[in-house]
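In: sequence and predicted structure are below.
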Amino acid sequence: MSVRTVRYYVFLKDILFLSLTAFGGPQAFLAMLLDRMVKNRAYITEEELWELNALCNILPGPSSTQLISAIGFRVGGPNLAYLALFVWILPATLIMTGTAILIDFLQENTPGALNFARFIQPMAIGFIIFAAQKTITKMVKSTEAMILMLISAFVSFFYSSPYIFPVMLLLGGLSTSIKYKNQPKVEEEKALVIKWSNFYLWAGVLVLAAVAGAITKFQPILLFENFYRNGSLIFGGGQVLVPYLYTEFVDFKHFLTSEEFLTGYAISQGIPGPTFSISSYVGALSMREFGLSGFVMGGLIAAAGIFLPGIFLIFFVIRFWDQLKLYRPVRAALEGINAVSCGMLIAAAYLLFEPLEANAIHIIFILGTYFLLQFTKISSPVIILAGIVLGIFASYFLS
């Protein structure tokens with residue numbers, strides 16, 4: 001076995017370790033990457049890690065997954081990067097697909113089965129509010145961005161169509177790109193040298209899935225197109241995915257109930273790995289009519305659809321990123337894109353609360369979850385587990 005093969009094997013083993021232990025959101029994930037990938041293994045330098053993280057955060061798609069794949073790309077090229085992607089997403093995909101099967105089984109066989117989730121449903125909204133606050137603090141830095149965020153929240157709330165989101169992101173980016181002169185010049189901008197193969201791959205799959213879905217009306221193809229399109233449009237991480245999925249699969253297509261969605265989202269906050277794994281839960285329940293094979297197929301199709309576009313795009317951009325980041329209009333457009341994403345998060349928190357009964361218990365659990373996340377060091381899995389235990393206790397002893 002060559003030294004390179006051993007290095008690749010060790011790298012994939014490190015990715016598996018992260019996929020099983022990366023609790024606590026983006027900050028904890030980055031700390032683990034810094035410790036394991038930079039300090040212990042020296043796969044990349046600390047400066048490269050922060051540069052790659054910045055690149056992944058400005059591209060659509062799952063930033064943590066893109067970062068894992070980008071590191072794999074730097075270490076061993078595309079083949080290692082795709083293997084790293086598979087190892088990273090597999091545990092969370094299987095857990096959330098299994099969760100969908102369990103939730104559906106309980107609902108079919110046990111009346112009031114979701115009573116165990118009576119508290120984690122409002123707690124899910126607490127998680128979204130906390131994510132929105134963190135995201136807004138990080139991304140909204142100007143009056144213009146604040147106004148864009150409020151407009152985006154207003155439009156997202158009153159026009160809950162999945163097709164309005166890409167239009168708002170585009171308009172948000174264009175509205176701030178005209179202020180490019182406010183961006184500092186890093187150095188003289190040079191002509192870009194671009195290799196288009198991965199861009200053509202991304203666009204080709206997008207068009208092919210859309211055409212095939214429109215012609216065949218075959219549910220698995222339609223599902224893949226839905227998630228691939230969403231994965232091509234999400235800026236800002238897993239929390240921004242929530243309004244997209246809720247609008248399309250709960251409001252628009254009615255594949256899930258609001259209670260099912262909130263339960264799955266809350267559980268996804270308590271497992272390790274990528275936060276985009278909520279997609280496998282949604283995909284699995286969207287194909288429940290096909291039985292057990294439908295659940296498994298739906299979970300895997302959703303995972304492929306949501307993760308692949310971001311990976312194609314990171315492989316496309318990473319080759320000329322050092323040149324692209326010098327262009328001031330590109331950096332200026334990010335302000336508007338990020339502000340619109342924050343507005344969608346605000347709308348998502350309200351839209352998810354709307355189906356719940358507005359009672360004191362729900363308000364207490366929403367606020368309690370937010371305050372635990374904001375002011376304590378209690379981890380998300382512990383908070384979710386406590387909510388499930390309280391729900392089970394209430395179902396058996398207080399009903």
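Out: Thanks, I have it. Numbers count the residues shown, from 1 in each chain.

In: for the stretch 201-350 of the chain, give me the ranges with low pLDDT.
Out: Applying pLDDT under 70 to the stretch 201-350 of the chain flags residues 235-240, 321-327.

In: measure how buried the closest residue to Leu49 other than its chain neighbours is and give me the count.
Out: Nearest residue to Leu49, sequence neighbours excluded (C-beta to C-beta, 6 or more residues apart in numbering): Val38, at 5.6 Å. Placement of C-beta: from N, CA and C, glycine included. Using other C-beta atoms under 10 Å, Val38 has 18 neighbouring residues.

In: hey, where'd the helices end up in the stretch 151-300 of the chain?
Out: 164-177, 197-216, 219-231, 238-245, 258-268, 278-286, 291-317 (DSSP state H, counting those that start in this stretch).

In: so which of the ones you listed is nearest Glu354?
Out: helix 258-268 (8.2 Å; C-beta to C-beta).

In: tell me what angle that closest one forms with helix 278-286.
Out: 140 degrees (axes from the mean of the first three to the mean of the last three C-alpha atoms, to 10 degrees).

In: how about residues contacting helix 258-268?
Out: The contact list for helix 258-268, computed with C-beta atoms under 8 Å, 6 or more residues apart in numbering, reads 92, 96, 99-100, 103, 114, 117, 120-125, 127-128, 242, 245-246, 249-250, 256, 275, 277-278, 281-282, 285, 352, 355-356, 384, 387.

In: try it again with 7 Å
Out: With contact meaning C-beta atoms under 7 Å, 6 or more residues apart in numbering, helix 258-268 is reached by 96, 99-100, 103, 114, 117, 120-121, 123-124, 127, 242, 246, 250, 275, 277-278, 281-282, 285, 352, 355, 384.

In: name the stretch among the helices of the stretch 151-300 of the chain that sits most buried.
Out: helix 278-286 (a mean of 30; mean count of other C-beta atoms under 10 Å).

In: touching that helix from outside, list them.
Out: 93, 96-97, 99-101, 104, 223, 227, 241, 245, 249, 255-256, 260, 264-265, 268, 295, 298-299, 301-303, 306.

In: output that helix as PDB, nothing but the C-alphas.
Out: Only the C-alpha atoms of helix 278-286 are listed here, as PDB (Å, rounded to 0.1, in the frame of the first residue of the first chain):
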ATOM      1  CA  ILE A 278     -33.300  17.400   7.300                       C
ATOM      2  CA  SER A 279     -33.700  17.000   3.500                       C
ATOM      3  CA  SER A 280     -33.400  13.200   3.800                       C
ATOM      4  CA  TYR A 281     -36.300  13.200   6.300                       C
ATOM      5  CA  VAL A 282     -38.400  15.400   4.100                       C
ATOM      6  CA  GLY A 283     -37.600  13.300   1.000                       C
ATOM      7  CA  ALA A 284     -38.300  10.000   2.700                       C
ATOM      8  CA  LEU A 285     -41.800  11.200   3.900                       C
ATOM      9  CA  SER A 286     -42.500  12.600   0.500                       C
END
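
In: still on that earlier bit, the residue nearest to Leu49 and Asn338, how far apart?
Out: 26 Å (C-beta to C-beta, to the nearest Å).

In: quick one on the thing from earlier: residue contacts, the residue nearest to Leu49?
Out: So Val38 contacts 44-46, 49 (C-beta under 7 Å, 6+ apart).

In: filter those down to the buried ones, PyMOL style.
Out: The following PyMOL line selects those of those that are buried, judged by 16 or more other C-beta atoms under 10 Å:
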select buried, resi 44+49
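
In: widest-spaced pair of the contacts of Val38?
Out: Maximum distance among the contacts of Val38 (C-beta to C-beta): 8.1 Å, for Ile44 and Glu46.

In: could I get the helices of the stretch 151-300 of the chain as CSV with distance to Gln374?
Out: Formatted as CSV, the helices of the stretch 151-300 of the chain follow (distance: least, C-beta to C-beta, whole Å):
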stretch, distance to Gln374
helix 164-177, 27
helix 197-216, 37
helix 219-231, 29
helix 238-245, 15
helix 258-268, 17
helix 278-286, 22
helix 291-317, 28
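
In: and Ala347, which of those is closest to it?
Out: helix 238-245 (6.1 Å).

In: re the thing from before, just curious, which of the contacts of Val38 is nearest to Ser197?
Out: For those, the nearest to Ser197 is Ile44 (23.6 Å; C-beta to C-beta).

In: and the gap between that closest one and Phe73?
Out: 10 Å.

In: swap in Met32?
Out: Distance from Met32 to Phe73, by C-beta to C-beta: 19 Å.

In: who has more neighbours out of those two?
Out: Phe73 (22 against 17).

In: what are the neighbouring residues in contact with that one?
Out: So Phe73 contacts 81, 315, 318 (C-beta under 7 Å, 6+ apart).

In: what do you get if the cut-off is 10 Å, keeping everything else the same?
Out: If you count contacts by C-beta atoms under 10 Å, 6 or more residues apart in numbering, Phe73 has them with 52, 66, 79-82, 84, 311, 314-315, 318-319.

In: any chance of those residues in TSV, plus distance to Leu12?
Out: Shown next, in TSV, are the contacts of Phe73 (distance: C-beta to C-beta, whole Å):
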residue	distance to Leu12
Leu52	18
Gln66	17
Asn79	11
Leu80	8
Ala81	11
Tyr82	11
Ala84	6
Ile311	16
Ile314	18
Phe315	18
Ile318	20
Arg319	23
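
In: sorry, back to before: what's the overlap in contacts for Ile44 and Glu46?
Out: 37-38.

In: could you measure from the nearest residue to Leu18 once chain neighbours are set aside over to Leu94?
Out: Take Leu18 and drop its neighbours on the chain: the residue closest to it by C-beta to C-beta, 6+ apart is Met32, 6.1 Å away. Met32 sits 21 Å away from Leu94, taking C-beta to C-beta as the criterion.

In: who's in contact with the closest residue in space to Ile164 that isn't next to it in sequence?
Out: Using C-beta to C-beta, 6+ apart and skipping the chain neighbours, the partner closest in space to Ile164 is Val155 (6.5 Å). Residues near Val155 by C-beta under 10 Å, 6+ apart: 164-165, 167-168, 171, 340, 343-344, 347.

In: Phe157 against Leu352, yeah?
Out: No: taking contacts as C-beta atoms under 10 Å, Phe157 lies outside contact range of Leu352: 11.4 Å.

In: so what sits against both of these two?
Out: Contacts common to Phe157 and Leu352, judged by C-beta under 10 Å, 6+ apart, are Pro243.

In: right, I'll leave it there.
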